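# here's my sequence, what's the structure:
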Amino acid sequence: MRYFSLIRDRVDVQPFLEEIASIGDAWALATGRQEKIRVQREALAIPLRGLRKSCIRDRKRRDVMESRWTGGSVSFPHARRFITNVAASLNSDPGRAKIVSLPPGKRVYPHVDRGEYYRLHGRYHLVLRSSEGSILRAGNETMRLQVGELWWFDNKQVHEAWNDGSENRVHLIFDLLPHTHRLAAGV
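Residues are numbered from 1 along each chain as shown. Alright, predicted model coming up:
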């Protein structure tokens, strides 16, 4: 495998799912992703870490390195701890993060994550729920990720996802900035 790497498996996903279930309208609180990003229009998201808007200045959003925990992320302490612990174990700093739901029969359309931010950060997916396994394609490789697996994948390649299962597919998606890239990122 060139564009995927299994980082961990058998992660207990129940605490993540309980956090999501504890917020009745969690998927309706922030709809900007599906409204503004055309390739993401069929996915729902709960933002946990976002770019620091005060740092945009004259840069494009995809070039802003600075990120911060969202106000709503306080309702997801287990997810925050998991991201922080994975970052520390991989000698990295947390970047942007979200929990994403893709309903049955829906997809994330093919795209490449471009910009300085994406060039320096690695992208990780933890599968929290999937009835049939989650399909993710990067470059010419297609994988079916299973519940409890944490994967790195190369989002600098053309990638897409789809849900051919019978229930919402839910992933914790987060970016990490390796400590070796801190200087390049100005951190």
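# need phi/psi at the closest residue to Arg144 other than its chain neighbours.
Among residues not flanking Arg144 along the chain, Gly133 sits closest, at 3.9 Å (CB to CB, 6 or more residues apart in numbering). In this view, the C-beta of every residue, glycine as well, is placed from N, C-alpha and C. Main-chain torsions, Gly133, degrees, to the nearest 10: phi 90, psi 150.
# report the beta-bridge partners for Thr150.
For the record, residue 150 is Leu, not Thr. Note on Leu150: beta-bridge partners by DSSP bridges are Arg8, Leu126.
# wait, it touches Leu128, no?
No. Using CB atoms under 8 Å, Leu150 is not in contact with Leu128; the gap is 10.5 Å.
# ok, these two, which is more surrounded?
Leu128 (25 against 20; other CB atoms under 10 Å).
# any idea how far Glu18 is from that one?
According to CB to CB, to the nearest Å, Leu128 and Glu18 sit 11 Å apart.
# helix or strand right after the helix or strand of the chain with the lowest mean pLDDT?
Within the chain, no helix or strand scores below helix 32-36, which has a mean of 59 by mean pLDDT, DSSP states H and E. Sequence order places strand 44-51 as the next helix or strand after helix 32-36, per DSSP states H and E.
# off-centre distance for that following strand?
8 Å (CA atoms, centre = their mean, to the nearest Å).
# pull up the pairing partners for it, direction included.
strand 67-69 (antiparallel), strand 92-102 (antiparallel).
# list the contacts of the shortest one.
What it means is strand 67-69. Here strand 67-69 makes contact (CB atoms under 8 Å, 6 or more residues apart in numbering) with 48-52, 80, 94-96.
# next, the buried residues of it.
Residues 67, 69 are the ones in strand 67-69 that count as buried (16 or more other CB atoms under 10 Å).
# just the strands in this protein please.
All strands of the chain, identified by DSSP state E, fall at 4-8, 44-51, 67-69, 92-102, 107-111, 122-129, 134-138, 141-145, 150-153, 159-162, 169-178.
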